[in-house]
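**Student:** After the sequence you'll find the predicted model.
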Amino acid sequence: MTARTRRWHPSIRLRLTLTYAVMLVVACAALLALNYAMLYHSLYTEIGPPTNTQVESQIAAGLPADKNTQESVEKVKRQAMAELRAGTLLDTAGTSAMALAVIAVLGLGASWLLAGRALRPLQTLTATTRRISQHHLHERIALTGPHDELKELADTFDDMVARLENSFASERRFTADAAHELRTPLAIVRTGTEVLRSKRHSTVEQWEALADDTLIATGRAERLLDGLLALARSDRGALVHETHDLAATAAIALGEADHVAEAAAVTITSDLRSAPVDGDPVLLDRLVQNLVDNAIRHNHRGGWIEMTTRHGPGGALVVVRNSGEPIPPAEIDRLFEPFQRLDPNRVTGAGSSGLGLAIVRSIVHAHRGTVVATPEPSGGLTITVTLPVTRP
């Protein structure tokens, strides 16, 4: 098969040049046409016929005389007038055509230079875009000059590349952290199995201990994978829209966490008022469950948890307050990043996947809500989630 020939397309600089030049020539042609029309009007209305002295001098120069001298004079006047008008218009048309040709040539050159100067930022943008890749996201256009449309485009492009750089860095960090978290339980199982296999005589108690460790490790890996799946689903935004009452969800989550809170000597109080929302029931259940688990996990023995659901000015509210270690305000945003821990004295640290609040934020954003975390003065955290209310 023969390769298909690539069609030639004029560059934007050439198109701008031709556009500028054509507009210039048209404007000049219109101006010359107006000037020509005014000259024509002046010749035929304001300029009178030649005087008798001019006519007599032309007759004396050799013009044949007619029988009627008056008729001869009038004829000479008309002929002289016609020649004067025709000559003037012809000279004017020739001069105008030459001027228009010169203006067209000069206009093409000037338009080419002006188009190149105007498009120079686009050339810089193109060159920078070609250099940018996944491993060279530090490149920026950093266009200088007046704040016009092209500079706004370049600044917008720089902002987009900065967001992409942060996104790729976050993705690489997330992948590394997820691999590390999964490697730990697998290493526990592998190490225990290899130790028992190296022994010639393994007791039943040793195998039972290995089985317990394996169950704990696989449970940790399973919780991590569940968290990753929930995070991916909420980030994708593929939601099921059903009416769901957050008060009922909170009651179920608190009931399931009762035994964990009792073992940690954490007191739970609640004020659950109806707060129906339009959203994905599975993800909303996971959101409330993660809030409760986080409040218990990042607490201290003898601590407390307060949970409230109600309608507020901006929609349905879920508020969870808990005691715990003091949290610096500057570290609040980092709590919502995957696998980011402040390492306080936890009541239950083994069940943590490092994804709890990251999943909460992702689910809230998927439902077009807001989540705000505020440190308590005496230690601990208050998390307020606001979701749109159910439509009638």
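**Tutor:** Okay, I see it. Numbering: from 1, shown residues only.
**Student:** State the helix or strand in which the nearest residue to Tyr40 once chain neighbours are set aside lies.
**Tutor:** Spatial nearest neighbour of Tyr40, excluding adjacent residues (C-beta to C-beta, 6 or more residues apart in numbering): Leu89 at 6.5 Å. Every C-beta, even on glycine, is put in place using the N, C-alpha and C of the backbone. Here Leu89 sits within helix 69-131, counting by DSSP states H and E.
**Student:** ok so, going back, give me the pLDDT value at the residue nearest to Tyr40.
**Tutor:** The pLDDT attached to Leu89 in the predicted structure is 73.
**Student:** Report the separation between it and Val360.
**Tutor:** 86 Å (C-beta to C-beta, to the nearest Å).
**Student:** of those two, who's got more company?
**Tutor:** Val360 (26 against 15; other C-beta atoms under 10 Å).
**Student:** What strand or helix carries that one?
**Tutor:** Using DSSP H and E, the element containing Val360 is helix 356-366.
**Student:** What's the first helix or strand after that helix?
**Tutor:** strand 370-375.
**Student:** about what we covered before: which residues belonging to the helix holding Val360 are considered buried?
**Tutor:** 356-364, 366 (16 or more other C-beta atoms under 10 Å).
**Student:** Specify the angle between it and strand 370-375 in degrees.
**Tutor:** Angle between the axes of helix 356-366 and strand 370-375 is 150 degrees (criterion: axes from the mean of the first three to the mean of the last three C-alpha atoms, to 10 degrees).
**Student:** Can you tell me which helices and strands helix 356-366 packs against?
**Tutor:** Taking 3 or more C-beta pairs under 8 Å, 6 or more residues apart in numbering; DSSP states H and E as contact, the helices and strands that helix 356-366 lies on are helix 204-236, helix 281-297, strand 370-375, strand 381-387.
**Student:** So what touches stretch 15-30?
**Tutor:** Contact partners of stretch 15-30, identified using C-beta atoms under 8 Å, 6 or more residues apart in numbering, comprise 10, 99-100, 103-104, 107-108, 110-112, 114-115, 118-119.
**Student:** circling back to that earlier point, give me the next element, helix or strand, following the helix holding Leu89.
**Tutor:** Next in sequence after helix 69-131, counting helices and strands by DSSP H and E, comes helix 149-198.
**Student:** so that next one versus helix 356-366, what angle?
**Tutor:** Orientation of helix 149-198 against helix 356-366 (the same axes, to 10 degrees) gives an angle of 140 degrees.
**Student:** And helix 149-198, how far out from the chain middle?
**Tutor:** Offset of helix 149-198 from its chain centre (C-alpha atoms, centre = their mean, to the nearest Å): 22 Å.
**Student:** Repeat that for stretch 208-217.
**Tutor:** Worked out by C-alpha atoms, centre = their mean, stretch 208-217 lies 48 Å from the chain centre.
**Student:** List the buried residues of it.
**Tutor:** By neighbour count with 16+ other C-beta under 10 Å, stretch 208-217 contains the buried residues 210, 213, 217.
**Student:** Contacts for it next, please.
**Tutor:** With C-beta under 8 Å, 6+ apart, stretch 208-217 has contacts from 184-186, 188-189, 192-193, 196, 350.
**Student:** Not counting its neighbours along the chain, what's nearest Trp304?
**Tutor:** Thr267 (4.7 Å).
**Student:** For the one you found, give me phi and psi.
**Tutor:** phi -90, psi 130 (degrees, to the nearest 10).
**Student:** so who does it touch?
**Tutor:** Counting by C-beta under 8 Å, 6+ apart, Thr267 has contacts 261, 303-305.
**Student:** Domain boundaries for this structure, per the record?
**Tutor:** 12-131, 240-387 (automatic domain parsing).
**Student:** and Thr175, how many residues sit next to it?
**Tutor:** Neighbours of Thr175 under the rule other C-beta under 10 Å: 10.
**Student:** Distance check, it against Leu335.
**Tutor:** For Thr175, the distance to Leu335 - C-beta to C-beta - is 20 Å.
**Student:** Let's have the helices and strands packed on helix 356-366 in TSV, adding distance to Thr129.
**Tutor:** Listed next are these as TSV, based on distance: least, C-beta to C-beta, whole Å:
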stretch	distance to Thr129
helix 204-236	27
helix 281-297	37
strand 370-375	35
strand 381-387	40
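**Student:** how about those in TSV, adding mean pLDDT and distance to Leu153?
**Tutor:** TSV is the format used below for the helices and strands packed on helix 356-366 (pLDDT from 0 to 100; distance: least, C-beta to C-beta, whole Å):
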stretch	mean pLDDT	distance to Leu153
helix 204-236	75	29
helix 281-297	89	38
strand 370-375	92	31
strand 381-387	94	36
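**Student:** closest one to Arg321 among those?
**Tutor:** Arg321 lies closest, by C-beta to C-beta, to one member of the helices and strands packed on helix 356-366: strand 381-387, at 4.6 Å.
**Student:** Any buried residues in that closest one, and which?
**Tutor:** For strand 381-387, the buried set under the neighbour-count rule, 16+ other C-beta under 10 Å, comprises 381, 383-387.
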